[in-house]
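Participant: quick check, what structure comes out for this input:
(one chain, ligands or ions: 1)
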Amino acid sequence: MSVILKNVHKSYESESGVHPVLKGIDLTIQPGEFVAIIGKSGSGKSTLLNMITGIDRPTTGSVRVNDTDLHSLPPRKLAPWRGRQIGVIFQFFQLLPTLSLLENVMLPMDFCGMYAPRERLQRAMGLLEQVQMAEHAHKMPSAVSGGQQQRVAIARALANDPPIIVADEPTGSLDSKTADSVFTLFRHLVERGKTVIMVTHDNDLAHQVQRTVVVVDGEIVNEYVMQAFPHLDAEQLGHLHSRLERVFVPAGSMIIQEGDEADRAYIIVSGEADVLIHQGFGEDRVVNRLEPGQYFGEIALIHGSRRTASVRAREDMELLAFGKEELSGLLNRSTMTVEEMNQEVRERLAQLATMKQAVMK
Ligand SMILES: Nc1ncnc2c1ncn2[C@@H]1O[C@H](COP(=O)(O)OP(=O)(O)OP(=O)(O)O)[C@@H](O)[C@H]1O
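Facilitator: Got it, this is the predicted structure:
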């Protein structure tokens, strides 16, 4: 029951040419995850959501949602499929203005023929109760506030008990207090086992979810980059992302060599590496092991010195490399990252010093 996008590209054609909006998106979301999608305006977030809901189709690549390949669904089956599998919530609620709140919530059940007709009313009332809107059930949308309309939109999204809730800027038009209460509702849904995928501009909300996906110019920032530098915001991550170079190294190869001059540092995306120091004779000594989400090579870059240790791939590895300029750009933009990296460098140097002393004895 997961969401799997593989190498999804989406382009729009206009008179001025072809505009790529999504450029090779790989994304897997497990059942029960609470995922925030963030990124600058125009980066492709809504387009990405539209791929997941099947509202739009990729130009190339595949989208599987709960074991259904969306490409293989004939268009006439797509809307009923979405009605059962995915609850969609928009920034401006999009309740039908001519129906009461209760009727709005019943609509998806009527549309998909879910639940016996006499059950629908009861179920819709139950859902309105869950979002504390039962007392307003017979009002029209225009008679309640924006926050209340959004709560009703959430009840409507839950009408067919879909396993996945997709929300595009659900708190974007709400004041911060109302936004918090809507967000709390989402958290309760996740606690009840729903998968929630939410586009948001709100960095504070994004930090409260289990997982953040950052979209930059139609690409997703590697999640290990975010793990390596957890204090960068979406813009800082975007800046770094566009300058990273993908490097593949085979098992056993020396990625950096103690004593060499330094030009790059690396973030590990897959595979593990050993940090080694020379013993003066025989085999090098392993002083540390690095795994995905960690960086290395930063010490000599920061200090403008030669490599203080060697790093060897234990297995085939994928790395993301960055140079001195990118590192100083990064450190200029985020004081939290400077502090954390300085702390890490201090610990690593202390460990190396202890190990080197032990070797010399
Ligand atoms: N149907 C379409 N036809 C042509 N271009 C489109 C279409 N839909 C989106 N685009 C373009 O794709 C780009 C990404 O749009 P998208 O709405 O996905 O961005 P976004 O990150 O959600 O932005 P925002 O935060 O402002 O909503 C934009 O430049 C937009 O103009």
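
Participant: quick one: pLDDT of residue 1?
Facilitator: Confidence at residue 1, expressed as pLDDT, is 69.

Participant: all numbers from here: first residue = 17
Facilitator: I'll keep to 17 as the first residue from here, and by that count the last item is residue 17.

Participant: quick check: which ranges of the stretch 17-166 of the chain have low pLDDT?
Facilitator: Scanning the stretch 17-166 of the chain for pLDDT under 70 picks out 17.

Participant: what does it put close to the ligand?
Facilitator: Within reach of the ligand by C-beta under 6 Å from any ligand atom, the stretch 17-166 of the chain has these residues: 28, 37, 55, 57-63. C-beta coordinates here come from the backbone N, C-alpha and C atoms, glycine included.

Participant: and the furthest pair within the residues you listed?
Facilitator: Maximum pairwise distance among those (C-beta to C-beta): 17.5 Å, between 28 and 55.

Participant: which one of these two has more residues nearby?
Facilitator: Comparing residue 28 with residue 55 by other C-beta atoms under 10 Å, the one with more neighbours is residue 55, at 25 against 12.

Participant: can you give me phi and psi for residue 194?
Facilitator: Main-chain torsions, residue 194, degrees, to the nearest 10: phi -70, psi -40.

Participant: repeat for residue 82
Facilitator: Dihedral angles (degrees, to the nearest 10) for residue 82: phi 50, psi 50.

Participant: ok, residue 236 next?
Facilitator: Here is the backbone geometry of residue 236 (degrees, to the nearest 10): phi -100, psi 130.

Participant: give me the residue from the stretch 267-377 of the chain nearest the ligand.
Facilitator: Proximity of the stretch 267-377 of the chain to the ligand (C-beta to the nearest ligand atom) peaks at residue 349, 21.5 Å away.

Participant: now that residue: closest residue in space, sequence neighbours ignored.
Facilitator: Sequence neighbours aside, residue 252 is the residue nearest to residue 349 in space, at 5.0 Å (criterion: C-beta to C-beta, 6 or more residues apart in numbering).

Participant: just residue 202 next, same as before
Facilitator: What sits nearest to residue 202 in space, not counting adjacent residues and going by C-beta to C-beta, 6+ apart, is residue 212, at 5.1 Å.

Participant: how about the strands in the stretch 67-216 of the chain?
Facilitator: Ranges of strands in the stretch 67-216 of the chain, per DSSP state E, counting those that start in this stretch, are 76-81, 84-85, 102-105, 180-184, 211-215.

Participant: what lines up beside the first one in the sheet?
Facilitator: For strand 76-81, the paired strands and their directions (DSSP bridges) read strand 19-30 (antiparallel), strand 84-85 (antiparallel).

Participant: list the contacts for residue 33?
Facilitator: Shown in contact with residue 33 (C-beta atoms under 8 Å, 6 or more residues apart in numbering): no residues.
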